[in-house]
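J.: kindly return the folded structure for what I paste below:
(one chain, ligands or ions: 1)
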Amino acid sequence: MKYEVMSEKRVSILGFAGSLRKDSYNKALLRAAMEMVPENAVIDAFDLEGIPPFNQDLEVRLPQKVKEFKAKVRAADAILIATPEYNYSIPGVLKNAIDWASRPYGDNVFEDKPVAVMSASIGALGGARAQYHLRQTFVFLNMHPVNRPEVFLTYAKDKIDIQGNLTDETTREKIKQLLEVLVTWTRELKTR
Ligand SMILES: Cc1cc2nc3c(=O)[nH]c(=O)nc-3n(C[C@H](O)[C@H](O)[C@H](O)COP(=O)(O)O)c2cc1C
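T.: Next up is the predicted model:
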């Protein structure tokens, strides 16, 4: 049975952050997730640096970095996204990568994938508005998002140290829970 096959193997999660910044708080969230990944799962991180601006003329001969990204998404059992909030939405860098990987028509590699979201912002809402925009995109992509827990790192400057470690215990615990739910959700979806 599908479920038994899946339960023997570790759930592979592809994680990426919607920020190219070296000291990105969202990259720090992803690193924290990698430290806390459950034993029955593994997180592979992908850096969106180098993905060119989307050009529909290139859909049939994808740039190398896009090919790599699409292959990683395709191979993953589940997706984990850490996004900043830019002007109350997601950064262009993240939307751009998603647009590439959803094309050409009929080859959307996000199709049917479970996904979990986290966000970090220097502000009081922790990127909540960006998360809800991102969740809207999941509808068309036909992804299956984890609803709870919601992971918002507010006032990120005060909760990530200069080495880039997430020091806020409440958020660490939330990330741990998010990963557990994502793994369970991924296994449940495989039983359909
Ligand atoms: C173009 C731009 C727009 C931003 N807009 C918002 C915003 O709408 N809400 C918010 O909370 N922070 C906003 N910020 C601040 C980000 O929260 C902050 O730069 C954060 O560090 C970005 O995430 P990163 O550390 O992962 O790069 C904005 C930053 C930039 C560069």
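J.: where in the protein is pLDDT low?
T.: 1-7 (pLDDT under 70).
J.: list the helices and strands the lengthiest helix in it packs on?
T.: Looking across the chain with DSSP state H, the single longest helix is helix 169-190. On a contact count with 3 or more CB pairs under 8 Å, 6 or more residues apart in numbering; DSSP states H and E, helix 169-190 meets helix 2-8, strand 11-17, helix 25-35, strand 41-46, strand 78-83, strand 114-120, strand 151-153. Glycine gets a C-beta too; all of them are placed from N, C-alpha and C.
J.: can you count the residues close to the nearest residue to Val11 once chain neighbours are set aside?
T.: Spatial nearest neighbour of Val11, excluding adjacent residues (CB to CB, 6 or more residues apart in numbering): Ala41 at 4.2 Å. Neighbours of Ala41 under the rule other CB atoms under 10 Å: 20.
J.: wouldn't Ala41 be in contact with Lys9 here?
T.: No - in this structure, Ala41 is not within contact of Lys9 by CB atoms under 8 Å, at 10.0 Å.
J.: how close does the residue most central in space within the chain sit to Gly123?
T.: Centroid-nearest residue in the chain: Ile81, 1.6 Å away (criterion: CA atoms, centre = their mean). With distances taken as CB to CB, to the nearest Å, Ile81 is found 19 Å from Gly123.
J.: for Ala32, same thing?
T.: Distance from Ala32 to Gly123, counting by CB to CB: 19 Å.
J.: who's more crowded, the two?
T.: Ala32 (24 against 13).
J.: for the more buried one, give me its contacts.
T.: 165-166, 171-172, 175 (CB atoms under 8 Å, 6 or more residues apart in numbering).
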